[in-house]
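1. Sequence and predicted structure below; questions after.
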Amino acid sequence: MDHVPVLVKEVIHNLDPAPGDIVLDATVGGGGHSEEILRRILPGGRLIAVDRDGEALERARRRLKGFSPSVTYVNGDFRNIDGIFDSLGIDGIDRALFDLGMSSFQVDDERRGFSFSGRGPLDMRFDLRQQLSAAEIVNKFSQALLADIIKSFGEERYAALVAKKICAARKKKRIETTSELRAIIIDAIGRKYRGQRLHPAARTFQALRIYTNDELAAAGEGVSKAVDHLRPKGRICVISFHSLEDRIVKNIFRDMAKGRGLGILTRKPITPGMEEIRNNPRARSAKLRVSEKL
Ligand SMILES: C[S@@+](CC[C@H](N)C(=O)[O-])C[C@H]1O[C@@H](n2cnc3c(N)ncnc32)[C@H](O)[C@@H]1O
């Protein structure tokens, strides 16, 4: 399935890209936001399109084919933005967008192991060149560390019980697939989630994905480095999809507003309207924060 970009109108309105701008799309994904940005920065503009996932980058490349001389693709981690800009000879940007988390096509692809409803290998890496996968965490980490990860990054109140059941199950057989893990979690805490809309495995899967990709640290580092590269009047938009991530973005903006000449343009995050949520349920938890370099 194609990825439907969230809060597009709001991003474009707040990012306010103009002809000639140099723009960083730190999470180009399927290229939906980038396409709208490119329409507004030409002639003369340039888009730096970064993604940690080589397959996502290929999708973006196909979608943005018509704009190719104005786009530079980088298969890399946005936390390395300093090195990326150095190697491209870029010394300042006008606009930056971070649309954190994952794309629908990553979730829908069972081979990637992101989804608790699929049957894929327990992988969850954005970057397939990376060593650490979710299988490694689930099968090798101590029970205490597993419980800590599931509690901290999944906000799962039954984390200790889930970790205990995972460790009991892996003694009998290595846990290889998302469906095996889902069954273990349902067995551990399925009853406690009865009558709730949230799937019992949702929080544990979120925790494993965040830990596998070190997402929170990466978001903090990437966003603050991007702010450092913004030129005066340059703007940054960040979309997050859960409270842990949103808190990090909010705190970075607040700290940088104190010391480094940043103006916060959204005291409260912008959220999607009812119609967008109806058409794209993935948008439900999206929060957009915007700041401007003074
Ligand atoms: C929600 S999607 C972006 C969708 C995109 N805005 C669009 O319109 O199609 C998030 C993307 O960020 C990428 N990503 C996640 N963490 C990253 C990181 N640290 N550095 C670079 N890309 C990352 C994921 O691989 C994924 O493709």
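-> Thanks, I have it.

2. residues in contact with the residue in the stretch 151-294 of the chain that the ligand sits nearest to?
-> Of all residues in the stretch 151-294 of the chain, the one sitting closest to the ligand is Ala218 (4.0 Å; CB to the nearest ligand atom). Heads up, the C-betas are built off the backbone N, CA and C, glycines and all. For Ala218, the contacting residues are Asp77, Phe78, Arg79, by CB atoms under 8 Å, 6 or more residues apart in numbering.

3. Can you tell me how far the closest residue to the last one other than its chain neighbours is from Ile48?
-> Of all residues not flanking Arg79 in the chain, Glu221 sits nearest, at 4.2 Å (CB to CB, 6 or more residues apart in numbering). If you measure Glu221 against Ile48 using CB to CB, to the nearest Å, the figure is 17 Å.

4. tell me the secondary structure for the residue of the stretch 151-294 of the chain closest to the ligand?
-> Following DSSP: H, G, I helix; E, B strand; the rest coil, Ala218 is assigned to helix.

5. Ok, Val28 next?
-> Under three-state DSSP, Val28 comes out as coil.

6. Near it, how many other residues are there?
-> Taking other CB atoms under 10 Å as the criterion, the count of residues near Val28 is 31.

7. what's the answer for Ala135, then?
-> By the other CB under 10 Å criterion, the neighbourhood of Ala135 contains 21 residues.

8. now Arg119
-> 12.

9. Also Gly89?
-> If you count neighbours by other CB under 10 Å, Gly89 ends up with 6.

10. Return the set of buried residues in the helix or strand hosting Phe153.
-> In this structure, Phe153 is located in helix 143-154 according to DSSP states H and E. Within helix 143-154, the residues scored as buried using 16 or more other CB atoms under 10 Å are Leu146, Ala147, Asp148, Ile149, Ile150, Lys151, Phe153, Gly154.

11. before we move on, back to that, now, which of the contacts of Ala218 lie close to the ligand?
-> The subset of these within reach of the ligand, by CB under 6 Å from any ligand atom, is Asp77, Phe78, Arg79.

12. Report the contact partners of the last one.
-> Put plainly, it is Arg79. Arg79 sits next to Ala217, Ala218, Glu221, Gly222, Lys225 when contact means CB under 8 Å, 6+ apart.

13. Let's see that with 10 Å instead.
-> When contacts are counted by CB atoms under 10 Å, 6 or more residues apart in numbering, Arg79 touches Ala26, Arg52, Asp214, Ala217, Ala218, Ala219, Gly220, Glu221, Gly222, Val223, Ser224, Lys225.

14. Check Leu47 too.
-> Counting by CB under 10 Å, 6+ apart, Leu47 makes contact with 17, 21-25, 28, 31, 34-35, 37-38, 41, 60, 64, 67, 70-73, 95, 97.

15. Let's see the pLDDT reported for it.
-> Reported pLDDT at Leu47 in the predicted model: 98.

16. In contact with whichever residue of the stretch 1-150 of the chain sits closest to the ligand, which residues?
-> Distance from the ligand to each residue of the stretch 1-150 of the chain (CB to the nearest ligand atom) is smallest for Gly29, at 2.6 Å. For Gly29, the contacting residues are 3, 5, 49, 51, 53, 56-57, 59-60, 63, 99, 101-106, by CB under 10 Å, 6+ apart.
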